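A.B. asks: Sequence isn't available, so here's the structure alone:
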């Protein structure tokens, strides 16, 4: 009876469809020099040991972005790509320094990308 209950359990087993893999989350906000969130900035993320961009996304109306990355120890480099980005005021923004994020497991890491004039 116990064997029938275990074998017939409706739980998803590892590797079966429907089973979500563990992940970490990089969550960030893009800020202008005055401390205001910036919409529509292209954000790029790559593994620290690689040169090629792995993920590319845009900041939303509150300047925020979020990207799932594989769980486990890894370092990621994040930066703003302002090529073709124009403010309605005509002022030009420039990318601030790249940000390196260390992930240990299935966790959330919060970052801020600070732009400069």
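C.D. replies: Arrived safely. All of these numbers come straight from a predicted model, not from anything done at the bench.

A.B. asks: Spatially central residue for this protein, please.
C.D. replies: In the chain, the residue lying closest to the centroid (C-alpha atoms, centre = their mean) is residue 67, at 2.8 Å.

A.B. asks: My guess is it contacts residue 44. True?
C.D. replies: No: checked against C-beta atoms under 8 Å, the pair residue 67 and residue 44 is beyond contact range at 10.1 Å. Backbone N, C-alpha and C define where each C-beta goes, glycine included.

A.B. asks: For the nearest residue to residue 105 once chain neighbours are set aside, give me its contacts.
C.D. replies: Closest residue in space to residue 105, ignoring its immediate chain neighbours: residue 71 at 5.5 Å, by C-beta to C-beta, 6 or more residues apart in numbering. With contact taken as C-beta atoms under 8 Å, 6 or more residues apart in numbering, residue 71 is in contact with 21, 22, 23, 24, 103, 105, 106.

A.B. asks: quick one, what contacts residue 46?
C.D. replies: Contacts for residue 46 (C-beta under 8 Å, 6+ apart) come out as 52, 53, 54, 55, 76, 77.

A.B. asks: Verify the stated contact: residue 40 with residue 85.
C.D. replies: Yes: here residue 40 reaches residue 85: they are 7.1 Å apart, a contact under C-beta under 8 Å.

A.B. asks: Go through the contacts of residue 46 and flag which are in strands.
C.D. replies: Among the contacts of residue 46, the ones falling in strands (DSSP state E) are 55, 76, 77.

A.B. asks: what's the closest of these to residue 94?
C.D. replies: residue 77 (17.6 Å; C-beta to C-beta).

A.B. asks: which secondary element of the protein has the worst mean pLDDT?
C.D. replies: helix 2-7 (a mean of 48; mean pLDDT, DSSP states H and E).

A.B. asks: just checking, next helix/strand downstream of it?
C.D. replies: The helix or strand immediately downstream of helix 2-7 is strand 23-31, counting by DSSP states H and E.

A.B. asks: Tell me what angle the very next helix or strand once past that next one forms with strand 23-31.
C.D. replies: With elements assigned by DSSP H and E, the helix or strand that comes after strand 23-31 is strand 42-47. Relative orientation of strand 42-47 versus strand 23-31 (axes from the mean of the first three to the mean of the last three C-alpha atoms, to 10 degrees): 140 degrees.
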